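Engineer: Structure for this input, please:
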Amino acid sequence: MVAPALDRFTIIVRHCGERTTEACAQLLQALAPGNKIHRVSAQPFQEALRQSLELGIAEGRPWTLCIDADVLVLPGLAGFLAAVDGFPSGFFEAQALVLDKLLPARRPAGNHLYRTELIARALPRIPAGKSLRPESDMILAMAGMGYRAHQSALLVGLHDFEQAYDDIYLKAFLHAHKHRFLAPLLRPLWEALGREDDDFRVALMALEDGLQHGPGPEVSRSFRRERVQGALAVLSLAPKKPLAAVTPAQVSAMLRTAAAKPGGGMRSLVEEIQTKIDAAVFPSLAARGAALLAGFLAGLSWRRNR
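Structural biologist: Take a look at the predicted model:
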């Protein structure tokens, strides 16, 4: 049986061949065993966004949850959904936090929850031209019409863990444009982490390439594909093998490992990155304190549910 709070949600995995697509879907299925886990794949991202929202309308459930396939969900997702389900009718969208591998920090990414009855009004506000943040642009346009968005402090997933090298490259290239202000912190951090984890060697090369590139990149997997393959050849990296099924216990281990690293002098870089992201996401000190507390409580909840 579906938990009472979850049968009100259409659950959609948005994917474009990520190495974690199956794992993402399986973890969601374990969280909501009676729900169908839908999948949407389309390019460019604006079209994937449109198809996902239209699927939510067709399903007709009160809420439409979109999870990107590069997110491995945590049990805290269920609590987030239950909390938002009680929000007043003026709320259109809500988002929680994920622990990002590359930045690394708790930040909003890869998850959006929409009130289905308002989606038809949002569809015309998906930007038609090039945009680094088409989903955010749509949500901001809805906010301008009076339909509120909510940023939760709950931690609901791990983001960009276990990705293929080419996806790591493309994501880090985007970070060079979306989060250019973090580049002075990311450069030494990724260099240090790259001594033990090839993901960060790839990310560092992509960061340098992105900082040298002029116009902003398109949000597309096909963007600069030849450059990706060239970078992997320079680093002498063979493609990763397909990912086996990921269990909740394995995601728990990833969470513990990520929380413990990096140590030494690199810890101050991580803390500074988190501070900058918190300042953007949670402007008030009170809200930032709530985010830290929520992350701690989410970790306790995960350990209890292992």
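Engineer: tell me how far the ends of stretch 106-125 are from each other?
Structural biologist: 28 Å (C-alpha to C-alpha, to the nearest Å).
Engineer: Correction: the previous question concerned stretch 110-129.
Structural biologist: 21 Å.
Engineer: What average pLDDT does that stretch get?
Structural biologist: Stretch 110-129 shows a mean pLDDT of 96.
Engineer: And stretch 17-32, by the same measure?
Structural biologist: For stretch 17-32, the per-residue pLDDT averages 95.
Engineer: Any buried residues in it, and which?
Structural biologist: By 16 or more other C-beta atoms under 10 Å, the buried positions in stretch 17-32 come out as 18-28, 31-32. All C-beta atoms are positioned from the backbone trio N, CA, C, and that covers glycine.
Engineer: How about stretch 194-202?
Structural biologist: Result for stretch 194-202 [16+ other C-beta under 10 Å]: buried residues 194, 198-202.
Engineer: Retrieve the pLDDT associated with Leu300.
Structural biologist: 43.
Engineer: Could you export the buried residues of stretch 194-202 as a markdown table, including secondary structure, pLDDT and distance to Ser268?
Structural biologist: Formatted as a markdown table, the buried residues of stretch 194-202 follow (DSSP: H, G, I helix; E, B strand; the rest coil; pLDDT from 0 to 100; distance: C-beta to C-beta, whole Å):
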| residue | secondary structure | pLDDT | distance to Ser268 |
| --- | --- | --- | --- |
| Gly194 | coil | 94 | 18 |
| Asp198 | helix | 96 | 24 |
| Asp199 | helix | 96 | 21 |
| Phe200 | helix | 97 | 17 |
| Arg201 | helix | 96 | 22 |
| Val202 | helix | 96 | 24 |
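Engineer: right, and out of those, which lies closest to Leu235?
Structural biologist: Closest approach between the buried residues of stretch 194-202 and Leu235, by C-beta to C-beta: Arg201, at 5.7 Å.
Engineer: would Gln43 count as being in a helix?
Structural biologist: No: if the criterion is DSSP: H, G, I helix; E, B strand; the rest coil, then Gln43 is coil and not within a helix.
Engineer: any idea how far it is from Phe282?
Structural biologist: Per C-beta to C-beta, to the nearest Å, Gln43 is found 33 Å from Phe282.
Engineer: before we move on, what about Ala244?
Structural biologist: Distance, Ala244 to Phe282, using C-beta to C-beta: 36 Å.
Engineer: The two: which is more packed in?
Structural biologist: Phe282 (18 against 9; other C-beta atoms under 10 Å).
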